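Enquirer: Show me the folded form of this:
(one chain, ligands or ions: 1)
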Amino acid sequence: MDEVTISRAIIESFSREFLDAMDVDVAVAGAGPSGMMAAYDLASAGFKTVVFEKNLRLGGGMPGGGMMFNRIVLQEEGKQILGDLNVRMQEFSDGYYTADALEAMSVIAVRAIQAGTKVFNLISVEDVMIREENRITGLVLNWTAVSMAGLHVDPLAAKARVVIDATGHECEVARIVERKIGAYLRTPTGRIMGEKSMWAERGETEIIENTREVYPGLVVAGMAANAVCGSPRMGAIFGGMLISGKRAAQVAIEMLKDGERV
Ligand code: 48F
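Expert: Numbers count the residues shown, from 1 in each chain. Predicted structure coming up:
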């Protein structure tokens, strides 16, 4: 057994795929349920899709279920989506279903990766590229360890025809864009409206409308969509996240087909 061969295998295979991820159709920030669901649909439709996740593991808030009780709740539409992926569920009461949070997230992740999505963990999106026609043309990336250690290390950049902000409650990409360009987001105030307190029904309804292009080249999905558009959070019911991920994929595909290219 040759340690140098093992090391070369890791570095070369990673570098090849990382280089390939420098120019993609869609770059997703955040490997939570909405980001991975979007990636699954995009990769399945044949689009070159990459997900950058700042944490060591993917899944975002899903593996934690509700308050660390690692179960999630779904209603009919969410149940349908997970059922199509062969996630097992139990009916709890009329119209409410539960699933094992780890099974659900693992299955979504496996399906997205096997459909062709490349996921790079431990990498944070720390900025975007904006070109003169005022559209997002890519992401600026750095190792999460760099910011954790407070090191002064310059980032690298990757080109994407569409960017999806699926960074959850913090809506980190939209926040960067707002900070850099001011009040030009496609919301009533032009700014991030801010997430509202928990109201599951409204949050789950409004997330569909909120999942859209909020700046040329930038789509928001999942809790980032509700945070940008001023809608409530909904707690450990996850149908809205899955529906939003699928909707984000549709929006991105329409943008790509409309020829919104770099
Ligand atoms: O938070 P997260 O799971 O977002 P989501 O897909 O789902 C929300 C639910 O988990 C839950 C809920 C259900 O009703 O409210 O909260 O909207 O996943 C977001 C992912 O983005 C990563 C973060 O580590 C997490 O895995 N992330 C956040 N900021 C960055 C990032 C960043 N700057 N760069 C890369 N990844």
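Enquirer: Next up, the contacts around Pro232.
Expert: By CB atoms under 8 Å, 6 or more residues apart in numbering, Pro232 lies in contact with Glu195, Lys196, Ser197, Met198, Trp199, Ala200, Arg202, Gly203, Glu206, Asn226. (C-beta placed from N, C-alpha, C; glycine too.)
Enquirer: Looking at those residues, spot the one nearest the ligand.
Expert: The ligand lies nearest to Gly203 out of those, by CB to the nearest ligand atom, at 7.0 Å.
Enquirer: Name the helix or strand for the closest one, please.
Expert: Counting by DSSP states H and E, the element that carries Gly203 is helix 200-210.
Enquirer: Check whether Ser231 really touches Ser197, as I assumed.
Expert: No. With contact defined as CB atoms under 8 Å, Ser231 does not reach Ser197; the gap is 10.7 Å.
Enquirer: of those two, who's got more company?
Expert: More crowded of Ser231 and Ser197, by other CB atoms under 10 Å: Ser231, with 24 against 7.
Enquirer: Excluding sequence neighbours, find me the nearest residue to that one.
Expert: Among residues not flanking Ser231 along the chain, Glu206 sits closest, at 4.0 Å (CB to CB, 6 or more residues apart in numbering).
Enquirer: Now do the contacts for the one you found.
Expert: Listed by CB under 8 Å, 6+ apart, the contact partners of Glu206 are Asn226, Cys229, Ser231, Pro232.
Enquirer: just to revisit the earlier point, now rank the contacts of Pro232 by neighbours and give me the top one.
Expert: That'd be Asn226 among the contacts of Pro232, by other CB under 10 Å, with 30 neighbours.
Enquirer: ok, back up a step: farthest-apart pair in the contacts of Glu206, please.
Expert: Cys229 and Pro232 (10.6 Å; CB to CB).
Enquirer: hang on, the earlier thing: with pLDDT and distance to Val73 as added columns, please give the contacts of Pro232 in a markdown table.
Expert: Formatted as a markdown table, those follow (pLDDT from 0 to 100; distance: CB to CB, whole Å):
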| residue | pLDDT | distance to Val73 |
| --- | --- | --- |
| Glu195 | 98 | 20 |
| Lys196 | 98 | 20 |
| Ser197 | 98 | 19 |
| Met198 | 98 | 14 |
| Trp199 | 97 | 15 |
| Ala200 | 96 | 9 |
| Arg202 | 97 | 16 |
| Gly203 | 97 | 13 |
| Glu206 | 98 | 18 |
| Asn226 | 98 | 17 |
